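Participant: Below: sequence and its predicted model.
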Amino acid sequence: MNQTTWTTSLLVSAAMLVAACSGGDDAGAGTTAVSTTIGAAAATTTVPATTTTTSSTTTTSVVVIPTTIPDVTRMPLTGDPVEDESAIPDRPALVVKMSNFPSSVLPQAGLNSADIVFHEVINDNATRLAAVFHSQGSDPVGPIRSGRAQDINLMLSLNRPLFAWSGGNPAVTRAIEASDLIDLSFQRTSGYYRRSSRNGPNDLYSSTEVLWGHTPDGAQGPPQLFAYLREGEALTGSPATDITIQLDLTTSRWRYDADTNGYYRSQNGSAHNTETSADVEQVWTRNVVVMMADYGINTFDGNPDAQVLGSNPVFIFTGGTVRTGIWLRFAPTDVFSLFDNVEDLNQLGLQPGRTWVEIPRNREGVLDWSE
């Protein structure tokens, strides 16, 4: 159930409850037009109100169902507007698991070409990246490392994406093979190579075009993962231009640059650089989403297991501002719903552009920011 369906179901269920509680004699029912305006992303909607009359009372039950104004056509993972759907690449999302530890693995290749990058805690207090490609690709991409069982719940929101990884222990391998991820493991997929300039196991590379070449028949593109601000919609929030996030032993720091409207990343006190096809440049992004998560222990591999179903606080950094709220997600195939709070359910939109999702442990002191 995606965010729109869940919100609509909640409203309809509430309306049905009101109607059920009103009681009355059906013979006296009539209709009255009611006009209501719902949110910045909705139209004024006229809906019927059922009026029930008894000998002594009149009870009115109003069913309010939002009519969403059609949004522009967008790239699903960046929110960038396009003229029509023909501009959206006809291919699935491609998830590439990348090493992020030790510091000698930097610069990784391709991070500034990924639509979305997830930063997650793995074993031994280290972190790993899951770079998601769709609107554009990268040659080379890597170093490519092993998967984790927690990747299954996190990545299935992308509609059965290709999953490029170096392999894993037998239990993790069985779990990923049994999932709806399209398995492009190094162990069974051609197109990977080792770089002699890197030390193993952080020496495995490929290219996104080669990996997309293994797309099976029937594979489909990803859904729109986040909501985005509409053209002319005001960006609200408190000033926040210097962000520090602690993921176990890895310190992420993002600094906002107003001239480029982007956030630039440092890691453990040094600029975090990425290799491109032509040069090396600092990692940057348009949005930084900090999704707090409770971490358990995954029974498949005994490693940390980010709980990405349910709800926890979320902090959205975009345009030099921060907005706080909650993320909600109830099934692995659901997209990520970001709201101001669980009572009002006002959706929090990102600026169109690439997004980094940092997933620290839900603990005090792991996140700080300043103007």
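Facilitator: Received it, and whenever you're ready, just let me know what you need.
Participant: where are the low-confidence patches of this structure?
Facilitator: 1-70 (pLDDT under 70).
Participant: redo that, cut-off 50
Facilitator: 1-68 (pLDDT under 50).
Participant: That one: helices as residue ranges?
Facilitator: 3-22, 150-155, 170-178, 208-212 (DSSP state H).
Participant: how about the strands in the stretch 1-150 of the chain?
Facilitator: Secondary structure of the stretch 1-150 of the chain (DSSP state E, counting those that start in this stretch): strands at 30-37, 42-53, 58-62, 67-68, 94-99, 108-109, 116-121, 127-133.
Participant: Let me see the contact set for residue 160.
Facilitator: Residue 160 makes contact with 92, 180, 181, 182, 219, 220, according to CB atoms under 8 Å, 6 or more residues apart in numbering. (Each C-beta comes from the backbone N, C-alpha and C, glycine too.)
Participant: what about residue 367, distance to residue 126?
Facilitator: Going from residue 367 to residue 126 by CB to CB, to the nearest Å gives 19 Å.
Participant: same deal with residue 147?
Facilitator: Counting by CB to CB, the gap from residue 147 to residue 126 is 14 Å.
Participant: Neighbour count: the two, which is higher?
Facilitator: Using other CB atoms under 10 Å as the criterion, residue 147 and residue 126 rank with residue 147 on top: 28 against 16.
Participant: how much space is there between that one and residue 360?
Facilitator: 20 Å.
Participant: do the same with residue 92
Facilitator: To residue 360, residue 92 is 29 Å away according to CB to CB.
Participant: What of residue 149?
Facilitator: Residue 149 is 19 Å from residue 360, by CB to CB.
Participant: Same check on residue 111?
Facilitator: 19 Å.
Participant: Comparing those two, which shows the higher neighbour count?
Facilitator: Taking other CB under 10 Å, residue 111 and residue 360 do not tie; residue 111 has more neighbours (29 against 23).
Participant: so that one makes contact with residue 132?
Facilitator: No. Counting by CB atoms under 8 Å, residue 111 does not reach residue 132; the two are 10.9 Å apart.
Participant: Between these two, which contacts overlap?
Facilitator: With CB under 8 Å, 6+ apart, residue 111 and residue 132 have common neighbours residue 117.
Participant: what residues are up against residue 258?
Facilitator: 241, 320.
Participant: right, I mislabeled it, should have said residue 362
Facilitator: 292, 293, 294, 295, 312, 313.
Participant: hmm, which two among these are most spread apart?
Facilitator: 295 and 313 (14.5 Å; CB to CB).
Participant: Counting neighbours, go ahead and name the busier of the two.
Facilitator: residue 295 (19 against 14).
Participant: Spit out the contact partners of the more buried one.
Facilitator: By CB under 8 Å, 6+ apart, residue 295 lies in contact with 121, 304, 305, 306, 307, 361, 362.
Participant: which ones are touching the fourth one?
Facilitator: This points to residue 306. 120, 121, 150, 154, 293, 294, 295, 359.
Participant: Which among these count as buried?
Facilitator: 120, 121, 150, 154, 293, 295, 359 (16 or more other CB atoms under 10 Å).
Participant: Show me how the record splits this protein into domains.
Facilitator: For the chain, automatic domain parsing gives the domain ranges 3-68, 90-212, 238-370.
Participant: Need the ones you listed in a markdown table (columns: distance to residue 231).
Facilitator: As requested, the domains of the chain are exported to a markdown table (distance: least, CB to CB, whole Å):
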| stretch | distance to residue 231 |
| --- | --- |
| domain 3-68 | 12 |
| domain 90-212 | 19 |
| domain 238-370 | 9 |
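Participant: nearest to residue 225, of these?
Facilitator: Ranked by CB to CB, the member of the domains of the chain that lies closest to residue 225 is domain 238-370, at 5.1 Å.
Participant: Can you give me the end-to-end span of that closest one?
Facilitator: 10 Å (CA to CA, to the nearest Å).
Participant: Going forward, count from 34.
Facilitator: Yes, from this point I'll number from 34; that puts the last item at domain 271-403.
Participant: That domain: how far from the chain's middle?
Facilitator: From the chain centre to the centre of domain 271-403 is a distance of 9 Å (CA atoms, centre = their mean, to the nearest Å).
Participant: again, but for stretch 170-183
Facilitator: Distance, centroid of stretch 170-183 to centroid of chain: 18 Å (CA atoms, centre = their mean).
Participant: Alpha carbons of that stretch, as CSV, please.
Facilitator: Taking Å, rounded to 0.1, in the frame of the first residue of the first chain, the C-alpha atoms of stretch 170-183 are listed here in CSV:
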residue,chain,number,x,y,z
GLY,A,170,24.4,5.5,-15.4
SER,A,171,28.1,5.3,-14.6
ASP,A,172,31.2,3.7,-16.1
PRO,A,173,32.9,2.6,-13.9
VAL,A,174,30.9,1.8,-10.8
GLY,A,175,32.4,0.3,-7.6
PRO,A,176,34.0,-1.1,-5.6
ILE,A,177,31.2,-3.5,-5.4
ARG,A,178,30.8,-5.4,-2.2
SER,A,179,28.6,-8.0,-0.5
GLY,A,180,24.9,-7.7,0.3
ARG,A,181,23.1,-7.9,3.6
ALA,A,182,19.8,-9.5,4.5
GLN,A,183,18.5,-6.0,5.5
